[in-house]
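Undergrad: Let's see this in three dimensions:
(one chain, ligands or ions: 1)
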Amino acid sequence: MNEIKGSKILVIGGAGFIGSHVIDELLKEDVGEIVIYDNFARGVFDNLGASLKDSRVKIFELGGDVLHTDILDRAVQGKDYVFHLAALWLLHCHEFPRSAFHVNIEGTFNVLETCVRHGVKKLIYSSSASVYGDAVELPMTEDHIYNNKTFYGATKIAGEHMCRAFYNRYGLNYTGLRYMNVYGPRQDYKGTYIAVIMKILDRIDNGLPPLVYGDGSQSYDFIYVGDTARANICAMKSESTDKNYNVGSGIQTSIKELAELILKITGSDLQIQYEPSGQTFVTNRIGDPRRARDEIGFDFDMGLEDGLRNLIEWRRANIDLVNKRREGA
Ligand SMILES: NC(=O)c1ccc[n+]([C@@H]2O[C@H](COP(=O)([O-])OP(=O)(O)OC[C@H]3O[C@@H](n4cnc5c(N)ncnc54)[C@H](O)[C@@H]3O)[C@@H](O)[C@H]2O)c1
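TA: Take a look at the predicted model:
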């Protein structure tokens, strides 16, 4: 087990959806200092409200862009562990491939190089199930082929391979985490496969039937954001290195089942309205969670129904923020 008592930690992309939950999970541990490094391209202060009250948490005041290597260097200096979650999201990469290349590939290279320079004990890299593309076999183990066809997935594959090359050349320990479809409190409308949850809730609020595209049979592996954050802590503590792990529940849920569950939780008697299918990047995704359980001790905890209840409760309590994000989506 890696020693984390009193350790100094940098969370790159810490103001984002998953990163802010990683900070919450770190605060449950006996760590010394947590510094958030984020350029706030998508991250928001509202995500950090509670954690910033803890004196161990600071936002790096000189800046927070992974492309600003001199500033990044200063932020990494003296840190024991680094979490790298900063990235442009799938649709952004689709529309702006060159920016995707800069932020997700060059930015990751910058993080790796800086971690080597400062002798960081371990890097936790946020990869994605997008590296697998459409499943050729289910559930997808970590040995599933790279069947990706998107720019976003391409950047994540590059990131994984760069981690491996830095480990082999310079001995930088790392774990890569391939998140499935992460949902939960603080999510916005930009998540490609999970925005549907927010959109269904909006429709229900307005007395309109939830829209499902196609026949609703597209299936995903939904994993609660708190569990995803905990997987990061398991990876930090684990001595496993130079490996990538799925972070998912291993449970297949179709969009139709998801919509039905949301209708049930909200007590709505509206019926699903089916619409012709639009653009979909991946239609079938379930990750095999066993390797993460066996090798880094991560298992999901939160079932979909309870997780959705938490999300709905958070959405109600933060409706002004949700409205602001919907407009910016
Ligand atoms: N949410 C999911 O379902 C999911 C699934 C698979 C993988 N991932 C990966 O997990 C990580 C976190 O995802 P998220 O959902 O929290 O996304 P997010 O966009 O909420 O968080 C990413 C953070 O990185 C910051 N950022 C962007 N560009 C930056 C730059 N140039 N320099 C510094 N910071 C920058 C953003 O402001 C944001 O706070 C990402 O790497 C993402 O690709 C997410």
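Undergrad: And the helices in this structure?
TA: Taking DSSP state H, the helices of the chain run over residues 17-26, 69-76, 90-95, 97-100, 107-117, 151-170, 195-205, 225-237, 255-265, 290-296, 304-317, 319-328.
Undergrad: want to throw those helices into JSON lines with mean neighbour count and mean pLDDT?
TA: Where C-beta positions appear, they are placed from N, C-alpha and C, glycine not excepted. Shown next, in JSON lines, are the helices of the chain (neighbours: other C-beta atoms under 10 Å; pLDDT from 0 to 100):
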{"stretch": "helix 17-26", "mean neighbour count": "25", "mean pLDDT": "98"}
{"stretch": "helix 69-76", "mean neighbour count": "18", "mean pLDDT": "98"}
{"stretch": "helix 90-95", "mean neighbour count": "18", "mean pLDDT": "94"}
{"stretch": "helix 97-100", "mean neighbour count": "16", "mean pLDDT": "98"}
{"stretch": "helix 107-117", "mean neighbour count": "22", "mean pLDDT": "99"}
{"stretch": "helix 151-170", "mean neighbour count": "19", "mean pLDDT": "98"}
{"stretch": "helix 195-205", "mean neighbour count": "20", "mean pLDDT": "94"}
{"stretch": "helix 225-237", "mean neighbour count": "24", "mean pLDDT": "98"}
{"stretch": "helix 255-265", "mean neighbour count": "19", "mean pLDDT": "97"}
{"stretch": "helix 290-296", "mean neighbour count": "18", "mean pLDDT": "98"}
{"stretch": "helix 304-317", "mean neighbour count": "16", "mean pLDDT": "97"}
{"stretch": "helix 319-328", "mean neighbour count": "13", "mean pLDDT": "84"}
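Undergrad: For the ligand, find the nearest of those helices.
TA: helix 17-26 (3.5 Å; C-beta to the nearest ligand atom).
Undergrad: Show me what that closest one is packed up against.
TA: Secondary-structure packing of helix 17-26 (3 or more C-beta pairs under 8 Å, 6 or more residues apart in numbering; DSSP states H and E): strand 8-12, strand 33-37, helix 225-237.
Undergrad: export the ones you listed to CSV and tack on distance to the ligand?
TA: Converted to CSV, the helices and strands packed on helix 17-26 look like this (distance: least, C-beta to the nearest ligand atom, whole Å):
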stretch, distance to the ligand
strand 8-12, 6
strand 33-37, 6
helix 225-237, 8
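Undergrad: right, and those - which one's nearest S130?
TA: helix 225-237 (14.7 Å; C-beta to C-beta).
Undergrad: Return the alpha-carbon coordinates of the closest one using CSV.
TA: Provided in CSV are the C-alpha atoms of helix 225-237 (Å, rounded to 0.1, in the frame of the first residue of the first chain):
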residue,chain,number,x,y,z
VAL,A,225,-19.5,9.9,-9.5
GLY,A,226,-18.7,9.3,-5.8
ASP,A,227,-17.7,5.7,-6.7
THR,A,228,-15.6,7.0,-9.6
ALA,A,229,-13.8,9.3,-7.3
ARG,A,230,-13.2,6.5,-4.8
ALA,A,231,-11.6,4.4,-7.6
ASN,A,232,-9.1,7.3,-7.9
ILE,A,233,-8.2,6.9,-4.2
CYS,A,234,-7.9,3.1,-4.6
ALA,A,235,-5.5,3.7,-7.5
MET,A,236,-3.4,6.1,-5.5
LYS,A,237,-3.1,3.8,-2.6
